[in-house]
Structure formats: structure tokens, C-alpha cells
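[1] Just to be clear, the model below is a prediction. Sequence and coordinates:
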Amino acid sequence: MPPAVRKWYLVFCKPRQEAAARVNLERQGYDVYLPMVAQRRRRGGKFVEFIEPLFPRYLFIHLDAGTDDWRPIRSTIGVSALVQFGQRPARVPDDLIAALRAHETGQGVHEIPVEPLREGDRIRIVDGALSGFEGIFLARSGRDRVVVLLEIMGKPSRISLDPDTLEPLEK
């Protein structure tokens, strides 16, 4: 009998149920991979870090086409279906999974680097009394402050702000 040849396939999950699908598939003995990413979002005026799926509504499952029972996958809680191209399940290259895993932190989370603001970048203030104003990033003035140039009443003004109150404008 030839050795088992496992390949990665793509599972489409119900909205916001990727973690439930992963847990339920693992309980059934399947080898699954759900890449996660750390994201910063504004909540209540502050930036908060969230850990969420890198590919919302998708996870990867490692199966052998010849020996594994695929039937229970579709009826697993949190799963919508196996992704298919025509009548064939969508295979995912092993090197893609290896590359994803290679870029994870020790906690199994991807961190997407945030490009720092540079002198001359256009910004918008998103919090505080000056919310909605647009200006130009000038410099960092310490660990917790930045200096921006705003036009207020027709005159350029240098303002010191918390960097979490800014968002970059598209270049």
C-alpha cells in the first residue's frame, strides 16, 4: 500500500465562524490551519489590537484524497463548504502554507507592519477637538507626540498631537 499523500485544501466558513470551524474539524481528527493576524483598529477613540483571521471566512485543511473521509467536513459547525473549481476541491500549494507559517510570530500570529509617517506625508486628524482637519506631518517630538502643520484660519500652525489621533491620507 502506498504511503498517504496529504495535500492542503481550502475550506469556506460561515461568517465569523472560522475559529468554531477549526475547533470542530480538529475534534473530528482533521489537521487544519487557520492563519491569524494582529490588526489595530479604533474603538472608543483608542487604538486596540485585535487578533483575527488573515483570510476571513477561509481556513486550510490537510487531507489525503485516497484515505480521508471528506463527507463530515461540509456538515461541520462553522463550515459552509469545501472550495471547488468545477468538481475538484481547490488544492493549495504546500509552499504557500510553509511560507505563511514561516512569517508567524512565536504565538502563531502574523504582524503586518505599519508604515511610519514621514516628513511631508498628508494626514487627517481623527480624534479630539481638531478631528477632521487635514495637514502635513512634520516630525516626531518625543515618544508620545508628533508635530503636524495645519492651516487654521488661513494661517499655517504647528500643532503637537498624540500620534494615535492621526491617519495617513492616500498618497
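    It's in.

[2] per the record, what domains does the protein have?
    With domains defined by automatic domain parsing, the chain comprises 6-111, 122-168.

[3] and the first one, how far out from the chain's middle?
    Okay, so that is domain 6-111. Shown here is domain 6-111, whose average C-alpha point lies 13 Å from the average C-alpha point of the whole chain (Cα atoms, centre = their mean, to the nearest Å).

[4] what about it, how long is it end to end?
    End-to-end distance of domain 6-111: 29 Å, with Cα to Cα, to the nearest Å as the criterion.

[5] follow-up on the earlier one: tabulate the domains of the chain (JSON lines), appending mean pLDDT.
    As requested, the domains of the chain are arranged in JSON lines below (pLDDT from 0 to 100):
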{"stretch": "domain 6-111", "mean pLDDT": "91"}
{"stretch": "domain 122-168", "mean pLDDT": "86"}
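
[6] Now mean neighbour count too, for these, in TSV please.
    Every C-beta, even on glycine, is put in place using the N, C-alpha and C of the backbone. What follows is the domains of the chain, written out as TSV (neighbours: other Cβ atoms under 10 Å):
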stretch	mean neighbour count
domain 6-111	14
domain 122-168	14
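
[7] can you pull out the helices in the protein?
    All helices of the chain, identified by DSSP state H, fall at 18-27, 71-74, 94-102.

[8] Which of the ones you listed sits closest to Asp164?
    Counting by Cβ to Cβ, Asp164 lies closest to helix 18-27 out of the helices of the chain; the figure is 28.2 Å.

[9] on that earlier part again, do you know which of the helices of the chain lies nearest Gly142?
    Shortest distance between Gly142 and the helices of the chain, using Cβ to Cβ, is found for helix 94-102: 36.2 Å.

[10] so what's Arg6 bridging to?
    Under the criterion DSSP bridges, Arg6 forms beta bridges with Asp64.

[11] got a list of what Asp31 touches?
    Arg6, Ile61, His62 (Cβ atoms under 8 Å, 6 or more residues apart in numbering).

[12] Out of those, which comes closest to Val146?
    When these are compared for distance to Val146 (Cβ to Cβ), Ile61 comes out closest, at 45.2 Å.

[13] Am I right that the closest one is in contact with Phe12?
    No: the pair formed by Ile61 and Phe12 falls short of the contact definition of Cβ atoms under 8 Å, at 11.0 Å.

[14] Now list whatever residues contact both of the two.
    For the pair Ile61 and Phe12, residues contacting each of them under the criterion Cβ under 8 Å, 6+ apart are Leu82.
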